[in-house]
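> One predicted model, sequence on top.
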Amino acid sequence: MTLSAGARLGPYEIVANLGSGGMGEVYEARDTRLHRGVAIKVLPSPVAADRESRERFEREARAVAALNHPHICTLYDIGRADGVDFLVMELLEGETLASRLARGPLPAEDALPLAIQIASALERAHRAGIVHRDLKPANIMLTEQGSKVLDFGLAKLVGADVEATRTMAGSVVGTAAYMSPEQAEARPIDPRSDAFSFGAVLYEMLTGHRAFGGDTIAQVLTSVLRDEPPLLAGQPALDAIVRRCLAKQPSQRFASMRDVKASLERAAGAPASARSRDNLTSSTCSMAASESRAIAFASPFSWSIHPKAITSGRSGTTASWPIFSTCRTRSRARSFAACRWRSATERRDS
């Protein structure tokens, strides 16, 4: 089911289609009650058709919505209108970590603050009993205020692990590269599975390469189960953290993301500074959410992307804005995961 601009889902008015894929449709919308922009993800029909699945989804979605953290994309609402089940989430301006890494690795001084923020977000979710299960660069947004982890718990809520084999091979390979060994083998998982995925993400942030490679799902999963990535040259402290996260046995990993975060702060050499950055982000995130004009959603599935070109100029042309300290060059066009930009002219007219 595709919704056109101007259509309504309860109090939400559709503005534009942002992307489509195996998990349904994502839209930019406007909350007519609070007069703010939001993003709406329409859920797949199997969830809407089965009453028991829908009730379980709603219970778990409420738990995700209770996560209040400056580095977690906020889930505002869940709803059902005209037979359509949907999620309402905050709009975010920026680019995914996957898009940033396509231009190369991050310097350690830029990667560490982001890693600390991501670890903090995971720690908060784990304390609430929520395991992400699909942490990867495409599920991390870089904004002016720092990082935002997307789709917290949604892979679990809609059973994406079961459906993953039905998607395009390339998409599954991308997800498999960040799966923990126990997840790859369909064994029970706990927060230490997210620690493994975090280690794979951190390794890629620092090197620009995936920790576990391969051209097919089988090759990638074999690498996850058996291989060790090359050493991080000249970064012994970070290499030790990454390798402990990537231990094949959960018992050999960090006991919690709190321990991961503490180790990262020690490696950074300025834990107080890292905590100050988090506090600053917390104080500004609500303002950033209300001003944002772009949304990025990610899942284990392949989305059809509709990016807006961003060009520099004057007199009614669009303009590129700095995203985060890690994005030091301005490009004439950027592709985001289900991400839509509004031009400078549109911003003035809105």
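Cool, the structure landed.

> Now do the helices in the stretch 151-300 of the chain.
In the stretch 151-300 of the chain, the helices defined using DSSP state H, counting those that start in this stretch lie at 154-157, 160-163, 169-176, 181-184, 191-207, 217-226, 236-245, 257-268, 271-291.

> okay, the angle between the fifth one and helix 217-226?
Same thing as helix 191-207. Put simply, helix 191-207 runs at 100 degrees to helix 217-226, going by axes from the mean of the first three to the mean of the last three CA atoms, to 10 degrees.

> For helix 191-207, give the mean pLDDT please.
For helix 191-207, mean pLDDT rounds to 97.

> do the same with the last one
When the per-residue pLDDT values of helix 271-291 are averaged, the result is 38.

> cool, the first one as well?
Helix 154-157 shows a mean pLDDT of 63.

> Same check on the third one?
Within the predicted structure, the mean pLDDT of helix 169-176 is 62.

> same deal with stretch 73-80?
Rounded mean pLDDT across stretch 73-80 is 89.

> for stretch 246-265, same thing?
Stretch 246-265 comes out at a mean pLDDT of 97.

> Ends of that stretch, what's the gap?
19 Å (CA to CA, to the nearest Å).

> mind listing what's buried in stretch 66-73?
Neighbour counts over stretch 66-73 (16 or more other CB atoms under 10 Å) mark 67, 69-73 as buried. Backbone N, C-alpha and C define where each C-beta goes, glycine included.

> Need the residues that contact that stretch.
74-75, 89-90, 92, 117-118, 120-121, 124-125, 128, 130, 141, 145-152, 278, 281-282, 285 (CB atoms under 8 Å, 6 or more residues apart in numbering).

> picking up where we left off before, just send the buried residues of stretch 66-73 back as CSV, with distance to Ser4 too.
Output for these, formatted as CSV (distance: CB to CB, whole Å):
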residue, distance to Ser4
Leu67, 32
His69, 34
Pro70, 35
His71, 34
Ile72, 31
Cys73, 25
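
> want to throw these into a markdown table with secondary structure and distance to Glu182?
Shown next, in a markdown table, are those (DSSP: H, G, I helix; E, B strand; the rest coil; distance: CB to CB, whole Å):
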| residue | secondary structure | distance to Glu182 |
| --- | --- | --- |
| Leu67 | coil | 24 |
| His69 | coil | 26 |
| Pro70 | coil | 30 |
| His71 | coil | 25 |
| Ile72 | strand | 24 |
| Cys73 | coil | 26 |
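
> Contacts only, for the closest residue to Ser223 other than its chain neighbours.
Spatially, and ignoring its direct neighbours in sequence, Ser223 is nearest to Phe212 (4.0 Å; CB to CB, 6 or more residues apart in numbering). Applying CB under 8 Å, 6+ apart to Phe212 gives the contacts 177, 200, 220, 223-224, 227, 229.

> Repeat that for Gln235.
So Gln235 contacts 108, 206 (CB under 8 Å, 6+ apart).

> Show the backbone phi and psi for His35.
For His35, the backbone dihedrals (degrees, to the nearest 10) come out as phi 50, psi 50.
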